[in-house]
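Colleague: below is the sequence, then the predicted model.
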Amino acid sequence: MKGKTIDKDMVMPAERVDFAESLLDWYDNNRRILPWREDPAPYHVWLSEIMLQQTRVEAVKRYYARFLETLPDIVSLAAAPEDTYLKLWEGLGYYSRVRNLHKGAVTVMEQYGGEMPHTSAELQRIPGIGPYTSAAIASIAFGERVPAVDGNLLRVFARLTAYAEDIKSDAAKKAATGFYQDVMDMAAGAAVPEPAGAETGASCASGRPVYDRPGDLNQALMDLGATVCLPNAQPVCDACPLRKQCLAHLQGRETDYPVMPAKKARKEEDLTVFLIHDAERIALRKRPPRGLLAGLYEFPNTPGHLTEDEALSYVRSIGFSPLHIRRLTDVKHIFTHKEWHMQGYEILADELAELHPDTKRSPGIFLAQIREIRDIYSVPSAFAAYSSLI
Ligand code: SF4
(Lines give C-alpha, C1' and ligand atoms only; values in the text may rest on other atoms or scores of the structure.)
Protein backbone atom coordinates (compact mmCIF):
# COMPACT_ATOMS: atom_id res chain seq x y z
CA MET A 1 0.00 0.00 0.00
CA LYS A 2 1.12 3.50 -0.74
CA GLY A 3 0.64 5.61 2.30
CA LYS A 4 2.32 8.33 4.14
CA THR A 5 3.50 7.27 7.57
CA ILE A 6 3.23 10.17 9.91
CA ASP A 7 5.47 10.55 12.87
CA LYS A 8 3.39 11.15 15.96
CA ASP A 9 5.19 14.44 16.44
CA MET A 10 3.74 15.67 13.18
CA VAL A 11 0.45 16.18 14.97
CA MET A 12 1.28 19.48 16.58
CA PRO A 13 1.13 19.82 20.37
CA ALA A 14 -1.52 22.50 20.24
CA GLU A 15 -3.62 20.23 18.09
CA ARG A 16 -3.37 17.54 20.70
CA VAL A 17 -4.88 19.85 23.30
CA ASP A 18 -7.67 20.56 20.82
CA PHE A 19 -7.88 16.86 20.26
CA ALA A 20 -8.58 16.15 23.95
CA GLU A 21 -11.00 19.04 24.17
CA SER A 22 -12.96 18.01 21.06
CA LEU A 23 -13.02 14.38 22.10
CA LEU A 24 -14.17 14.99 25.67
CA ASP A 25 -16.83 17.47 24.61
CA TRP A 26 -18.10 14.89 22.14
CA TYR A 27 -17.98 12.20 24.85
CA ASP A 28 -19.95 14.30 27.31
CA ASN A 29 -22.77 14.53 24.77
CA ASN A 30 -22.58 11.11 23.13
CA ARG A 31 -21.24 8.62 25.65
CA ARG A 32 -22.84 5.22 25.76
CA ILE A 33 -24.71 4.52 28.98
CA LEU A 34 -23.25 1.26 30.21
CA PRO A 35 -23.88 -0.42 33.57
CA TRP A 36 -20.20 -0.59 34.55
CA ARG A 37 -19.79 3.11 33.84
CA GLU A 38 -22.53 4.05 36.26
CA ASP A 39 -20.52 2.62 39.15
CA PRO A 40 -16.89 2.37 37.98
CA ALA A 41 -15.56 0.51 41.01
CA PRO A 42 -12.28 -1.24 40.15
CA TYR A 43 -13.92 -4.70 40.25
CA HIS A 44 -16.68 -3.53 37.90
CA VAL A 45 -14.21 -2.07 35.41
CA TRP A 46 -12.08 -5.20 35.63
CA LEU A 47 -15.00 -7.60 35.11
CA SER A 48 -16.49 -5.58 32.25
CA GLU A 49 -13.17 -5.20 30.44
CA ILE A 50 -12.49 -8.93 30.63
CA MET A 51 -15.99 -9.72 29.38
CA LEU A 52 -15.68 -7.18 26.56
CA GLN A 53 -12.60 -8.86 25.15
CA GLN A 54 -14.00 -10.88 22.23
CA THR A 55 -17.66 -10.08 23.06
CA ARG A 56 -19.98 -7.30 21.91
CA VAL A 57 -21.17 -4.68 24.38
CA GLU A 58 -24.86 -5.52 23.98
CA ALA A 59 -24.23 -9.20 24.70
CA VAL A 60 -22.01 -8.42 27.69
CA LYS A 61 -24.66 -6.35 29.51
CA ARG A 62 -26.79 -9.30 30.59
CA TYR A 63 -23.81 -11.51 31.49
CA TYR A 64 -22.35 -8.68 33.53
CA ALA A 65 -25.57 -8.24 35.53
CA ARG A 66 -25.95 -11.98 36.10
CA PHE A 67 -22.32 -12.37 37.18
CA LEU A 68 -22.53 -9.52 39.68
CA GLU A 69 -25.77 -10.83 41.11
CA THR A 70 -24.03 -14.06 42.15
CA LEU A 71 -20.47 -12.75 42.67
CA PRO A 72 -20.83 -9.08 43.61
CA ASP A 73 -17.27 -8.45 44.72
CA ILE A 74 -13.71 -9.70 44.75
CA VAL A 75 -14.26 -11.59 48.02
CA SER A 76 -17.11 -13.68 46.60
CA LEU A 77 -15.32 -14.31 43.30
CA ALA A 78 -12.17 -15.48 45.06
CA ALA A 79 -14.20 -17.91 47.17
CA ALA A 80 -16.38 -19.24 44.33
CA PRO A 81 -16.08 -22.86 43.18
CA GLU A 82 -14.97 -23.44 39.58
CA ASP A 83 -18.34 -24.74 38.37
CA THR A 84 -20.06 -21.58 39.64
CA TYR A 85 -17.99 -19.05 37.73
CA LEU A 86 -17.76 -21.27 34.64
CA LYS A 87 -21.56 -21.55 34.59
CA LEU A 88 -21.90 -17.76 34.89
CA TRP A 89 -19.55 -17.41 31.93
CA GLU A 90 -21.42 -19.90 29.77
CA GLY A 91 -22.19 -18.35 26.40
CA LEU A 92 -19.37 -15.82 26.54
CA GLY A 93 -16.72 -18.28 25.34
CA TYR A 94 -12.96 -18.00 25.84
CA TYR A 95 -13.25 -19.48 29.31
CA SER A 96 -9.60 -18.89 30.17
CA ARG A 97 -10.70 -15.30 30.78
CA VAL A 98 -12.88 -16.23 33.75
CA ARG A 99 -10.34 -18.70 35.09
CA ASN A 100 -7.76 -15.91 35.13
CA LEU A 101 -10.28 -13.52 36.64
CA HIS A 102 -10.77 -15.98 39.47
CA LYS A 103 -7.01 -16.47 39.90
CA GLY A 104 -6.64 -12.70 39.94
CA ALA A 105 -9.30 -12.33 42.64
CA VAL A 106 -7.49 -14.90 44.78
CA THR A 107 -4.25 -12.94 44.33
CA VAL A 108 -5.94 -9.67 45.30
CA MET A 109 -7.27 -11.31 48.44
CA GLU A 110 -4.02 -13.01 49.37
CA GLN A 111 -1.47 -10.36 48.41
CA TYR A 112 -3.32 -7.04 48.49
CA GLY A 113 -5.70 -7.50 51.41
CA GLY A 114 -8.73 -7.53 49.09
CA GLU A 115 -8.07 -4.09 47.59
CA MET A 116 -6.93 -3.71 44.01
CA PRO A 117 -3.70 -1.78 43.52
CA HIS A 118 -4.07 1.69 41.98
CA THR A 119 -1.42 1.81 39.28
CA SER A 120 -1.28 0.01 35.96
CA ALA A 121 2.23 -1.26 36.71
CA GLU A 122 1.13 -2.86 39.96
CA LEU A 123 -2.13 -4.17 38.46
CA GLN A 124 -0.12 -6.12 35.88
CA ARG A 125 1.25 -8.31 38.65
CA ILE A 126 -2.21 -9.83 39.02
CA PRO A 127 -2.83 -12.94 36.88
CA GLY A 128 -4.91 -12.22 33.80
CA ILE A 129 -4.40 -8.44 33.89
CA GLY A 130 -2.26 -7.33 30.96
CA PRO A 131 -1.25 -3.89 29.71
CA TYR A 132 -4.67 -3.05 28.24
CA THR A 133 -6.83 -4.14 31.18
CA SER A 134 -4.48 -2.60 33.74
CA ALA A 135 -4.57 0.71 31.88
CA ALA A 136 -8.36 0.64 31.66
CA ILE A 137 -8.74 -0.06 35.40
CA ALA A 138 -6.04 2.41 36.48
CA SER A 139 -7.34 5.25 34.30
CA ILE A 140 -11.09 4.74 34.80
CA ALA A 141 -11.17 3.71 38.46
CA PHE A 142 -8.10 5.59 39.75
CA GLY A 143 -7.47 8.44 37.29
CA GLU A 144 -3.97 7.38 36.24
CA ARG A 145 -2.80 8.96 32.96
CA VAL A 146 -2.25 5.82 30.95
CA PRO A 147 -3.73 4.95 27.56
CA ALA A 148 -5.72 1.71 27.26
CA VAL A 149 -4.78 0.74 23.74
CA ASP A 150 -7.12 -1.90 22.31
CA GLY A 151 -8.29 -2.57 18.75
CA ASN A 152 -10.52 0.51 18.75
CA LEU A 153 -7.75 2.86 19.81
CA LEU A 154 -5.33 1.30 17.34
CA ARG A 155 -7.77 1.75 14.47
CA VAL A 156 -8.50 5.37 15.38
CA PHE A 157 -4.77 6.05 15.72
CA ALA A 158 -4.04 4.43 12.34
CA ARG A 159 -6.63 6.60 10.62
CA LEU A 160 -5.76 9.79 12.47
CA THR A 161 -2.10 9.50 11.55
CA ALA A 162 -2.42 7.52 8.28
CA TYR A 163 -0.20 4.88 9.86
CA ALA A 164 0.98 2.72 6.98
CA GLU A 165 2.56 -0.21 8.85
CA ASP A 166 1.00 -3.42 10.14
CA ILE A 167 -1.39 -2.33 12.90
CA LYS A 168 -0.95 -5.61 14.80
CA SER A 169 2.79 -5.09 15.17
CA ASP A 170 4.49 -4.16 18.41
CA ALA A 171 5.79 -1.02 16.71
CA ALA A 172 2.22 0.11 15.97
CA LYS A 173 1.16 -0.48 19.54
CA LYS A 174 4.12 1.47 20.82
CA ALA A 175 3.46 4.36 18.44
CA ALA A 176 -0.25 4.48 19.37
CA THR A 177 0.55 4.33 23.08
CA GLY A 178 3.04 7.19 22.75
CA PHE A 179 0.57 9.24 20.73
CA TYR A 180 -2.25 8.88 23.23
CA GLN A 181 0.08 9.34 26.19
CA ASP A 182 1.06 12.72 24.77
CA VAL A 183 -2.59 13.62 24.32
CA MET A 184 -3.30 12.81 27.96
CA ASP A 185 -0.22 14.50 29.33
CA MET A 186 -0.78 17.66 27.33
CA ALA A 187 -4.46 17.76 28.28
CA ALA A 188 -3.40 17.47 31.91
CA GLY A 189 -0.69 20.07 31.66
CA ALA A 190 -2.68 22.58 29.62
CA ALA A 191 -4.28 25.31 31.67
CA VAL A 192 -7.40 25.21 29.57
CA PRO A 193 -10.03 27.53 31.01
CA GLU A 194 -13.36 26.04 31.87
CA PRO A 195 -15.81 26.97 29.09
CA ALA A 196 -18.59 29.29 30.29
CA GLY A 197 -21.59 27.35 31.49
CA ALA A 198 -19.92 23.97 31.02
CA GLU A 199 -20.47 21.33 33.66
CA THR A 200 -17.08 19.82 34.11
CA GLY A 201 -17.86 18.32 37.48
CA ALA A 202 -15.26 16.40 39.41
CA SER A 203 -12.34 17.45 37.30
CA CYS A 204 -12.79 21.03 38.44
CA ALA A 205 -13.84 20.23 41.97
CA SER A 206 -10.68 18.19 42.34
CA GLY A 207 -8.55 21.08 41.18
CA ARG A 208 -7.32 19.18 38.13
CA PRO A 209 -7.31 20.87 34.72
CA VAL A 210 -10.68 20.42 33.07
CA TYR A 211 -9.35 18.08 30.37
CA ASP A 212 -7.25 16.00 32.73
CA ARG A 213 -9.69 13.11 32.49
CA PRO A 214 -7.65 10.07 31.40
CA GLY A 215 -10.38 7.53 32.13
CA ASP A 216 -12.88 9.52 30.09
CA LEU A 217 -10.36 10.01 27.29
CA ASN A 218 -9.87 6.26 27.05
CA GLN A 219 -13.60 5.65 27.14
CA ALA A 220 -14.24 8.40 24.60
CA LEU A 221 -11.80 6.72 22.20
CA MET A 222 -13.43 3.35 22.85
CA ASP A 223 -16.84 4.83 22.07
CA LEU A 224 -15.56 6.67 19.04
CA GLY A 225 -14.07 3.43 17.68
CA ALA A 226 -17.25 1.48 18.40
CA THR A 227 -19.82 3.94 17.08
CA VAL A 228 -18.14 6.35 14.62
CA CYS A 229 -14.72 5.19 13.44
CA LEU A 230 -16.12 1.78 12.58
CA PRO A 231 -14.12 -1.36 11.87
CA ASN A 232 -14.47 -3.05 8.46
CA ALA A 233 -16.75 -0.29 7.23
CA GLN A 234 -16.85 3.28 6.08
CA PRO A 235 -16.42 5.39 9.22
CA VAL A 236 -19.02 8.06 9.93
CA CYS A 237 -16.58 10.94 9.63
CA ASP A 238 -19.29 13.63 9.49
CA ALA A 239 -20.10 12.76 13.12
CA CYS A 240 -16.48 12.59 14.24
CA PRO A 241 -15.07 15.28 16.55
CA LEU A 242 -11.56 14.62 15.19
CA ARG A 243 -12.28 14.99 11.48
CA LYS A 244 -10.32 18.23 11.14
CA GLN A 245 -7.18 16.53 12.49
CA CYS A 246 -7.55 13.14 10.82
CA LEU A 247 -5.06 12.52 8.02
CA ALA A 248 -6.91 9.53 6.56
CA HIS A 249 -10.05 11.66 6.34
CA LEU A 250 -8.22 14.65 4.92
CA GLN A 251 -6.76 12.34 2.26
CA GLY A 252 -10.14 10.66 1.61
CA ARG A 253 -8.55 7.29 2.38
CA GLU A 254 -10.27 6.26 5.61
CA THR A 255 -10.81 2.63 4.62
CA ASP A 256 -7.15 2.17 3.63
CA TYR A 257 -6.37 2.15 7.34
CA PRO A 258 -5.60 0.31 9.51
CA VAL A 259 -3.19 -1.84 7.50
CA MET A 260 -3.83 -5.44 8.51
CA PRO A 261 -1.38 -8.38 8.34
CA ALA A 262 -2.17 -11.26 5.96
CA LYS A 263 -4.56 -13.72 7.58
CA LYS A 264 -3.42 -17.25 8.42
CA ALA A 265 -5.72 -20.10 7.38
CA ARG A 266 -7.54 -21.79 10.28
CA LYS A 267 -6.92 -25.45 10.98
CA GLU A 268 -9.99 -27.56 10.16
CA GLU A 269 -10.96 -30.58 12.27
CA ASP A 270 -13.76 -33.13 11.70
CA LEU A 271 -15.60 -34.48 14.74
CA THR A 272 -18.50 -36.81 15.38
CA VAL A 273 -20.58 -35.82 18.41
CA PHE A 274 -22.93 -38.15 20.32
CA LEU A 275 -26.02 -37.29 22.32
CA ILE A 276 -26.30 -40.58 24.21
CA HIS A 277 -29.31 -40.66 26.50
CA ASP A 278 -32.12 -42.63 28.05
CA ALA A 279 -35.36 -41.11 29.31
CA GLU A 280 -33.72 -39.02 32.03
CA ARG A 281 -30.00 -38.87 31.70
CA ILE A 282 -27.41 -37.99 29.12
CA ALA A 283 -23.73 -38.78 28.76
CA LEU A 284 -21.27 -35.94 29.37
CA ARG A 285 -17.52 -35.68 29.59
CA LYS A 286 -15.29 -33.09 31.24
CA ARG A 287 -12.63 -31.72 28.92
CA PRO A 288 -8.96 -31.77 30.00
CA PRO A 289 -7.79 -29.04 32.41
CA ARG A 290 -5.60 -27.36 29.78
CA GLY A 291 -6.06 -26.30 26.18
CA LEU A 292 -9.13 -25.43 24.16
CA LEU A 293 -12.34 -25.18 26.27
CA ALA A 294 -10.38 -26.51 29.25
CA GLY A 295 -12.42 -28.00 32.09
CA LEU A 296 -15.79 -27.50 30.42
CA TYR A 297 -18.31 -30.23 29.72
CA GLU A 298 -18.97 -31.75 26.32
CA PHE A 299 -20.96 -34.49 24.71
CA PRO A 300 -18.81 -37.53 23.97
CA ASN A 301 -17.16 -37.07 20.61
CA THR A 302 -14.39 -38.52 18.52
CA PRO A 303 -12.23 -37.26 15.65
CA GLY A 304 -13.42 -37.87 12.07
CA HIS A 305 -16.82 -38.24 10.46
CA LEU A 306 -18.20 -41.71 11.27
CA THR A 307 -20.76 -43.65 9.25
CA GLU A 308 -23.79 -44.99 11.14
CA ASP A 309 -22.17 -48.41 11.57
CA GLU A 310 -18.93 -46.87 12.78
CA ALA A 311 -20.88 -44.63 15.14
CA LEU A 312 -22.71 -47.60 16.66
CA SER A 313 -19.41 -49.47 17.16
CA TYR A 314 -17.89 -46.42 18.80
CA VAL A 315 -20.83 -46.04 21.17
CA ARG A 316 -20.54 -49.71 22.17
CA SER A 317 -16.80 -49.30 22.66
CA ILE A 318 -17.38 -46.65 25.30
CA GLY A 319 -19.79 -48.82 27.27
CA PHE A 320 -23.31 -48.14 25.96
CA SER A 321 -25.93 -50.39 24.39
CA PRO A 322 -27.58 -48.42 21.59
CA LEU A 323 -31.26 -49.10 20.87
CA HIS A 324 -31.81 -46.47 18.23
CA ILE A 325 -29.64 -44.07 16.23
CA ARG A 326 -30.64 -40.83 14.51
CA ARG A 327 -28.43 -38.62 12.39
CA LEU A 328 -28.40 -34.99 13.55
CA THR A 329 -27.60 -31.83 11.70
CA ASP A 330 -24.03 -30.92 10.73
CA VAL A 331 -22.56 -27.98 12.64
CA LYS A 332 -19.57 -25.77 11.98
CA HIS A 333 -18.00 -23.86 14.86
CA ILE A 334 -15.27 -21.33 14.31
CA PHE A 335 -12.63 -20.59 16.94
CA THR A 336 -9.89 -18.04 16.49
CA HIS A 337 -7.37 -20.49 15.07
CA LYS A 338 -9.40 -23.53 14.16
CA GLU A 339 -12.74 -24.72 12.83
CA TRP A 340 -14.69 -27.73 13.98
CA HIS A 341 -16.80 -29.47 11.37
CA MET A 342 -19.15 -31.59 13.47
CA GLN A 343 -21.64 -34.24 12.52
CA GLY A 344 -23.91 -35.56 15.22
CA TYR A 345 -25.83 -38.68 16.20
CA GLU A 346 -28.55 -39.01 18.78
CA ILE A 347 -28.35 -42.41 20.45
CA LEU A 348 -31.17 -43.78 22.53
CA ALA A 349 -29.43 -46.23 24.83
CA ASP A 350 -30.66 -49.08 26.95
CA GLU A 351 -31.29 -47.87 30.48
CA LEU A 352 -27.98 -46.26 31.35
CA ALA A 353 -26.11 -47.97 34.13
CA GLU A 354 -23.81 -45.89 36.26
CA LEU A 355 -20.44 -45.38 34.60
CA HIS A 356 -17.26 -45.00 36.45
CA PRO A 357 -15.41 -42.06 34.91
CA ASP A 358 -12.06 -43.83 35.12
CA THR A 359 -12.96 -47.04 33.35
CA LYS A 360 -11.14 -47.65 30.10
CA ARG A 361 -14.38 -48.19 28.23
CA SER A 362 -15.76 -44.79 29.11
CA PRO A 363 -12.84 -42.51 29.94
CA GLY A 364 -14.10 -39.41 31.72
CA ILE A 365 -17.73 -39.97 30.72
CA PHE A 366 -20.46 -39.64 33.33
CA LEU A 367 -24.23 -39.37 33.34
CA ALA A 368 -26.02 -36.13 34.08
CA GLN A 369 -29.69 -35.47 34.58
CA ILE A 370 -30.87 -33.64 31.48
CA ARG A 371 -31.95 -30.59 33.48
CA GLU A 372 -28.44 -30.36 35.01
CA ILE A 373 -27.07 -29.32 31.63
CA ARG A 374 -29.03 -26.13 31.98
CA ASP A 375 -28.37 -25.55 35.67
CA ILE A 376 -24.97 -26.94 36.60
CA TYR A 377 -22.68 -28.10 33.80
CA SER A 378 -21.14 -25.56 31.44
CA VAL A 379 -21.37 -26.87 27.91
CA PRO A 380 -19.59 -24.42 25.58
CA SER A 381 -21.38 -22.69 22.73
CA ALA A 382 -19.47 -24.84 20.23
CA PHE A 383 -22.04 -27.53 21.11
CA ALA A 384 -25.02 -25.16 21.35
CA ALA A 385 -26.76 -26.58 18.30
CA TYR A 386 -26.72 -30.01 19.95
CA SER A 387 -27.54 -28.75 23.48
CA SER A 388 -30.63 -27.08 22.07
CA LEU A 389 -31.98 -30.47 20.97
CA ILE A 390 -32.06 -31.88 24.50
S1 SF4 B 1 -12.44 11.44 10.79
FE2 SF4 B 1 -13.27 9.46 10.18
S3 SF4 B 1 -11.50 8.15 9.87
FE4 SF4 B 1 -10.81 9.93 11.04
S5 SF4 B 1 -10.92 9.29 13.17
FE6 SF4 B 1 -12.85 10.32 12.67
S7 SF4 B 1 -14.23 8.67 12.01
FE8 SF4 B 1 -12.15 7.85 11.98
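Modeller: All right, it came through fine. Small disclaimer: the values here were computed from a predicted structure and weren't measured.

Colleague: after the strand or helix carrying residue 271 comes which helix or strand?
Modeller: Assessed by DSSP states H and E, residue 271 sits inside strand 267-277. Later in the chain than strand 267-277, the nearest helix or strand by DSSP H and E is strand 281-286.

Colleague: same for that following strand, what does it pack against?
Modeller: strand 267-277, strand 297-298, strand 365-369, helix 370-375 (3 or more CB pairs under 8 Å, 6 or more residues apart in numbering; DSSP states H and E). Bear in mind the C-beta positions are built from the backbone N, C-alpha and C, glycine included.

Colleague: who touches the helix or strand just after the shortest one?
Modeller: On the C-terminal side of strand 297-298, the nearest following helix or strand under DSSP H and E is strand 301-303. Surrounding strand 301-303, the residues in contact under the criterion CB atoms under 8 Å, 6 or more residues apart in numbering are 269-274, 314, 342.

Colleague: which of those tops the neighbour count?
Modeller: residue 274 (28 neighbours; other CB atoms under 10 Å).

Colleague: who does it bridge with?
Modeller: Counting by DSSP bridges, residue 274 forms beta bridges with residue 345.

Colleague: mind listing what it touches?
Modeller: Contacts of residue 274 by CB under 8 Å, 6+ apart are 283, 299-301, 311, 314-315, 344-347.

Colleague: again, only using 10 Å
Modeller: 282-283, 285, 299-302, 306, 311, 314-315, 318, 320, 322, 325, 328, 344-347, 349, 365, 386 (CB atoms under 10 Å, 6 or more residues apart in numbering).

Colleague: skipping its backbone neighbours, what lies nearest the residue in the stretch 51-200 of the chain that the ligand sits nearest to in space?
Modeller: Residue of the stretch 51-200 of the chain nearest the ligand, by CB to the nearest ligand atom: residue 159 (3.8 Å). Excluding its sequence neighbours, the residue lying closest to residue 159 (CB to CB, 6 or more residues apart in numbering) is residue 248, at 4.0 Å.

Colleague: would you mind measuring from the one you found to the ligand?
Modeller: Noted for residue 248: a distance of 5 Å to the ligand, by CB to the nearest ligand atom, to the nearest Å.

Colleague: give me the element that residue is part of.
Modeller: Counting by DSSP H and E, residue 248 is part of helix 247-250.

Colleague: quick one: buried residues of that helix?
Modeller: 247-249 (16 or more other CB atoms under 10 Å).

Colleague: among the contacts of strand 301-303, which one lies nearest to the ligand?
Modeller: Of all the contacts of strand 301-303, the ligand sits closest to residue 269, with 38.4 Å by CB to the nearest ligand atom.

Colleague: the closest one and residue 343, how far apart?
Modeller: Distance, residue 269 to residue 343, by CB to CB, to the nearest Å: 12 Å.

Colleague: overlap of the contact sets of the two?
Modeller: Counting by CB under 10 Å, 6+ apart, the residues touching both residue 269 and residue 343 are residue 304.

Colleague: residues from the stretch 251-390 of the chain in reach of the ligand?
Modeller: Residues of the stretch 251-390 of the chain lying close to the ligand (CB under 6 Å from any ligand atom) are residue 254.

Colleague: pick out the residue of the stretch 251-390 of the chain closest to the ligand.
Modeller: For the stretch 251-390 of the chain, CB to the nearest ligand atom, closest residue to the ligand: residue 254, 4.1 Å.

Colleague: show the backbone phi and psi for the residue of the stretch 51-200 of the chain closest to the ligand.
Modeller: Dihedral pair for residue 159: phi -80, psi -40, per degrees, to the nearest 10.

Colleague: could you do residue 321 as well?
Modeller: The phi/psi pair for residue 321 (degrees, to the nearest 10) is phi -110, psi 100.

Colleague: I'd guessed residue 138 sits against residue 49; true?
Modeller: No - using CB atoms under 10 Å as the test, residue 138 is too far from residue 49 to be in contact (11.3 Å).

Colleague: okay, and the common contacts of those two?
Modeller: Joint contacts of residue 138 and residue 49 (CB under 10 Å, 6+ apart) are 129, 148.

Colleague: quick one: contacts for residue 99?
Modeller: 82, 85-86, 89, 127-128, 289, 294-295.

Colleague: doesn't it belong to a helix?
Modeller: Yes - residue state for residue 99 (DSSP: H, G, I helix; E, B strand; the rest coil) corresponds to a helix.

Colleague: just put the buried residues of helix 247-250 in a markdown table and tack on pLDDT.
Modeller: Formatted as a markdown table, the buried residues of helix 247-250 follow (pLDDT from 0 to 100):
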| residue | pLDDT |
| --- | --- |
| 247 | 94 |
| 248 | 96 |
| 249 | 96 |
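
Colleague: now, among those residues, which is nearest to residue 21?
Modeller: Closest approach between the buried residues of helix 247-250 and residue 21, by CB to CB: residue 249, at 18.4 Å.
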